[in-house]
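S.K.: Next comes the sequence, and after it the predicted model I'd like to discuss.
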Amino acid sequence: MADTKTTDAFVVFDRVQKSYDGETLVVKDLNLSMPKGEFLTMLGPSGSGKTTCLMMLAGFETATHGEILLDGRPINNIPPHKRGIGMVFQNYALFPHMSVAENLSFPLEVRGMDKTVREAKITRALDMVQMGQFANRRPAQLSGGQQQRIALARALVFEPELVLMDEPLGALDKQLREHMQFEITRLAHDLGITVVYVTHDQTEALTMSDRVAVFNDGRIQQLAPPASLYEAPQNSFVAQFIGENNTMEGIVTEISGDKCVVKLDDGELIDAKPVNVSKVGERTRVSIRPERVEMNKSRLQPGAHTLKATVREFIYMGDIFRTRLSVAGNDNFIIKTRNAPDAVRLEPGAEIEIGWLPQDCRALDA
Amino acid sequence: MSDTILRTADGKPLKAALMRASAVARRRAFMLVLPLLAFVLITFVVPIGQMLSRSVTNDAFSANMPSVVAWFAANPEGTEPDEAAYAALVVDLVNAANARTIGTVATRINYDVSGTRSLFTSTGRKAKNMEAPFKDAVLAADEEWGDKVVWAAMRNASAAVTTTFYQAATDRKLTDEGVYAKAPEDLRVYLTLFWRTFVLSGAVTLLCLILGFPVAHLLARLPMRISSLLMILVLLPFWTSLLVRTTSWMVLLQEQGILNNMLVYLGILEDNGRLALMYNQTGTIIAMTHILLPFMILPLYSVMKTIPITYTRAARSLGATSWTTFRRIYVPQTIPGIGAGGILVFILAVGYYITPALVGGATGTLISNQIAFHMQDSLNWSLAAALAAMLLAAVLALYWVYDRLVGIDNMKLG
Ligand SMILES: Nc1ncnc2c1ncn2[C@@H]1O[C@H](COP(=O)(O)OP(=O)(O)O)[C@@H](O)[C@H]1O
Ligand SMILES: [Mg+2]
C-alpha cells in the first residue's frame, strides 16, 4: 500500500530542510507527496517559506537537506531548463522587450519547434485565456489582468505537466482576482495538469484547491482538503489562520472519548471535542467558529453547558448579522447569525446565554 | 456652433486663464535654471563658437597686406602678377616689416606652402631699398616669387573666410594651380590619426564592455554589503591622480618593467625578446581601458540593478539554457546600459590626451595630441580649431547613428 503511494506520487518532498545563511532554517521539515493532476495550494503568512519551497521545486534553490522527487527522479539531477515545469511569477515576469506572441513563442523556440507548429500552439494558448487579439502588443501595453493571462498562457503553452504559481493574483483587484481564480481552476482541470499554487489568501486557497498545505514557521501545519481544514483544524494556528475564530483558554477537567469538559480561566465550564489534548489537567485553547455558536437553547443537547454573554456591539452586514459579545472574559467573541425573517437583532447591553454542540468546539494546543 | 471657446466662471477664455496661471510658475522655474544657463553659455557655447569661427577666420594676411589684397580684388583669378602686383607687394612688405607683422604674414602663407617663411622675412628686409621696376627687383631678391603657388596661396589668404585649415586637417595641400588636392603620401598625417583615434577608441570601448559587463553584473547581483565594497574598488581609480595611474602602468609595462621582468624570470620570454607593451598602441589601449572602465561599469550597473532575477528564472523555467537566457533575455534588457556606457567611453576616449601622450609613443598618440601640439607648440590655433571641430562633428554624427540604430531615449546613464 505504501509502495503504490510513492510510485503514484508525482511530486515528493522528503524531509526537506532549507537554510539560506547556515544559521536559521527557513524550511524545517517538509514532507509532502502529490499525485498527478492534483491542485495543491501552499497557504501561509508572508515569510513562512512558501516561495522557497516553490523555488526548490523549480530548481532555483537547492535543498540544504532531504530530497525532492519529480516523477520518481531526484530533482537535483535535472537542470532547471529540462524539468518541464511551467511557472507563473507574482509580477508575471513577461519579457519586456518581446511582444506577447514572442513571449509565448520563446519556450517553443528553445524546444526547436517549427514555425507553423509554434504559431498553432500560440494561437491555441492565447484563445485559451481569451487574449487572441493581443498577440502583437508589448507587455507594457497591457493591463495587470491581461498580463496575468499572458503569463498563464506562457506557462501553459509548452504543455508542462506541472505548473507552479507564486501568488499569481496578488496584484489584481478583488473582482478580477475572483474571476481569475475560477479561470485558473477551470484550465487546470480541463488540461489535467498538476498545480502547486502559492498564496497567502485563505479564500483563494479554499475555493481553488483539491488540498491545502498550511505553512507556518517553515513547517506544514496541516495538509487537508479545504472542508476539513475549515471544519477540523488540527491545531490552533490553523484554526486562527483559516476563517474567523473565537478562542478561549482553560484546563481540561474531564475527558472521555470524543468529548471533554474544559474549565475556562474564569471558572466557567464548557463542552468541547478533544483534538490536541489527551489527559486531564492539560492546558488547552478551545476554538469555535462564529457561525456555530447557538443562542437558541432548544437546539443544544440536553445537559449541555451554556455561558452567559453580554452584547457589546451589533453589526448589520446585509446577509448576516455580526454580533460582538463579552464571554468568559473575552471581549472579542464574535457570533454570526443569518438574516432570516425570525432572526433577533440584539441590542448592546443585552444579557444572553450561548452554547454549542460539543463537536463544534475544538480543544486544541494552548 | 457659435461660441466653442471654453470660458472660466468670470468669462475669460480658459486657454488664456491657464496660460496666465502657469506663466508665474514658468517664470520662477526659469529663474532657478538661469545661473546654470549663464554658466553653460559662458563656459561652453561661447568657447565652441569661438573655436568654430577661428577655424575659418583668415585675417592674418589680409589685415597686414592691404595693397596686395586690393590687387587680388581688382584682378580675377588666373591673372599673371604684373608690375602693379609686385609694386603692391613691395609696399606691403615694407609696411609689414616696419610694423613687425611680417612674421604673422609669413606664418599664414607657410601653412599653405611650407618653406616660404624665410621668403617673406628676407625679402621684407630688402624691400625698403627696392626701386622700380619692382617685378625684376623682387625676382632678383628671390626667384621663388615667380612661383605660381606662392601667389595662389596669397590670393587664398586674402579672402575673408577660408577652408585652408579644414583642407590641411584633411591632408589636402595647395597645388601650383592654386587648387587643393590630396597631399603626397608622406605628408598625410591627420586622416591617419583620425582613423587611428576612432579605431583605438572603438577597441578601448569594446574592451571596457567585455571587462565591465561581468563586473557590473556581479555588482548588481551580490548582496548590498559585498557589492558596495566592490563598488569602492571600481571607483578607486577616480580617487587617484590620472597621472599617477598612467605612470604606474609605465612602471608595470615598459620593456624593463615589472611584467616583462617577471616573464623573463619565469623563463616564458627570452631576455632579448621582451614584449613592447609601452610607447605604442598596446600601451595606449591598456592604460585607457583601465582609466575608462568605471565609465562603462557605472551605467551598466545602474541598468542591471533594475532587471529583476525573475526574468532569468522565467526563461530558465521555460526551457532555455543559461546561454540562451543570457543572449535572448538578459543582454537585450541591458542595451540601454551598453549604449550609455559605450557612448560615454567612446567619446571620452576620442578626446583623450594625457594618457596617449605619456604612453603612446609614436604609434599610439591620438588626434587630441596633434590638437595639443598645434595649440602649444606650433601655435597654429586655427588648424587646432579645425581639427577639434572635425572631432566634434564626428562625435555628433556618431550620436546621430546611435539614435538611428538604438534610439537616444534608449540610453540610461544612471
Ligand atoms: N534569497 C534569500 N536569501 C536569504 N533569505 C531568504 C531568501 N529568500 C527568502 N529568504 C528568507 O526566507 C524566509 C522565507 O521566505 P519565503 O520563502 O519568500 O516566504 P514566503 O514566500 O512564504 O513569504 C524569509 O524569512 C526570507 O527572509
Ligand atoms: Mg513569497
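M.R.: Done, it's in. Ligands and ions are numbered 1, 2, ... in the order given.

S.K.: CA atoms for contacts and neighbours, from now on please.
M.R.: Fine.

S.K.: Kindly spell out which helices and strands sit in contact with the helix ranked longest in chain B.
M.R.: Secondary structure of chain B per DSSP state H: the longest helix is helix B:190-221. Where contact means 3 or more Cα pairs under 8 Å, 6 or more residues apart in numbering or on different chains; DSSP states H and E, helix B:190-221 is packed against helix B:224-235, helix B:281-304, helix B:331-350, helix B:367-376.

S.K.: now with 10 Å?
M.R.: helix B:164-169, helix B:224-235, helix B:281-304, helix B:331-350, helix B:367-376, helix B:381-405 (3 or more Cα pairs under 10 Å, 6 or more residues apart in numbering or on different chains; DSSP states H and E).

S.K.: Most tightly packed of those helices?
M.R.: Ranked by mean neighbour count under mean count of other Cα atoms under 10 Å in any protein chain shown, the helices and strands packed on helix B:190-221 are led by helix B:281-304, which reaches a mean of 24.

S.K.: Contacts only, for B:G257.
M.R.: For B:G257, the contact set (Cα atoms under 10 Å, 6 or more residues apart in numbering or on different chains) comprises B:249-251, B:274, B:277-278.

S.K.: Could you do B:T321 as well?
M.R.: By Cα under 10 Å, 6+ apart, B:T321 lies in contact with A:79-82, A:110, B:315, B:327.

S.K.: Ligand 1 next: which of those residues are close?
M.R.: By Cα under 6 Å from any ligand atom, no member of these lies near ligand 1.

S.K.: if we take those residues, which one ends up nearest to ligand 1?
M.R.: A:P80 (17.1 Å; Cα to the nearest ligand atom).

S.K.: Show the model's pLDDT score for the closest one.
M.R.: Residue-level confidence at A:P80 comes out at 82, pLDDT.

S.K.: Wasn't A:E353 part of a strand?
M.R.: Yes - under DSSP: H, G, I helix; E, B strand; the rest coil, A:E353 sits within a strand.

S.K.: Helix or strand: which one has the residue of the stretch 101-250 of chain A found nearest chain B?
M.R.: Per Cα to the nearest Cα, A:P107 is where the stretch 101-250 of chain A lies closest to chain B, at 5.0 Å. Secondary structure assignment for A:P107, by DSSP states H and E: helix A:100-109.

S.K.: Point out the other helices and strands that that helix packs with.
M.R.: Checking 3+ Cα pairs under 10 Å, 6+ apart, helix A:100-109 ends up next to helix A:115-128, helix A:144-156, helix B:309-317.

S.K.: Which one of these lies nearest to B:V215?
M.R.: helix B:309-317 (16.5 Å; Cα to Cα).

S.K.: Please look at A:H189 and A:K36 and confirm they touch.
M.R.: No - using Cα atoms under 10 Å, A:H189 makes no contact with A:K36, being 11.5 Å away.

S.K.: who touches both of these two?
M.R.: Both A:H189 and A:K36 are in contact with A:V195, where contact means Cα under 10 Å, 6+ apart.

S.K.: hmm, back to that, excluding chain neighbours, what is closest to the residue of the stretch 101-250 of chain A closest to chain B?
M.R.: Distances taken as Cα to Cα, 6 or more residues apart in numbering or on different chains place B:L318 nearest to A:P107, at 5.0 Å, with adjacent residues excluded.

S.K.: And the residue of the stretch 151-300 of chain B that's closest to chain A?
M.R.: Using Cα to the nearest Cα, the single residue of the stretch 151-300 of chain B nearest to chain A is B:P223, 12.3 Å away.

S.K.: Spell out which residues of chain B are next to chain A.
M.R.: Residues of chain B that fall close to chain A, judged by Cα under 10 Å from any Cα of the partner chain: B:308-322, B:324-325, B:328-330, B:332-333.

S.K.: Filter the residues you listed down to the buried ones, ChimeraX style.
M.R.: Here is the ChimeraX command that selects the buried residues among the residues of chain B next to chain A (16 or more other Cα atoms under 10 Å in any protein chain shown):
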select /B:310,311,312,313,314,315,316,317,318,319,320,321,325,328,329,330,333
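
S.K.: Relative to B:P299, which of the contacts of B:T321 is nearest.
M.R.: Looking across those and measuring by Cα to Cα, the closest to B:P299 is B:R327, at 19.3 Å.

S.K.: Just the pLDDT for that closest one.
M.R.: pLDDT for B:R327: 94.

S.K.: And A:M34, by the same measure?
M.R.: At A:M34, the pLDDT value in this model is 94.

S.K.: Report the secondary structure state of it.
M.R.: Assignment for A:M34 (three-state DSSP): strand.

S.K.: so it touches A:A9, yeah?
M.R.: Yes - using Cα under 10 Å, A:M34 is in contact with A:A9, at 5.3 Å.

S.K.: more crowded one of these two?
M.R.: A:M34 (21 against 17; other Cα atoms under 10 Å in any protein chain shown).

S.K.: Who does that one form a beta bridge with?
M.R.: Here A:M34 sits in beta bridges with A:V11, as judged by DSSP bridges.
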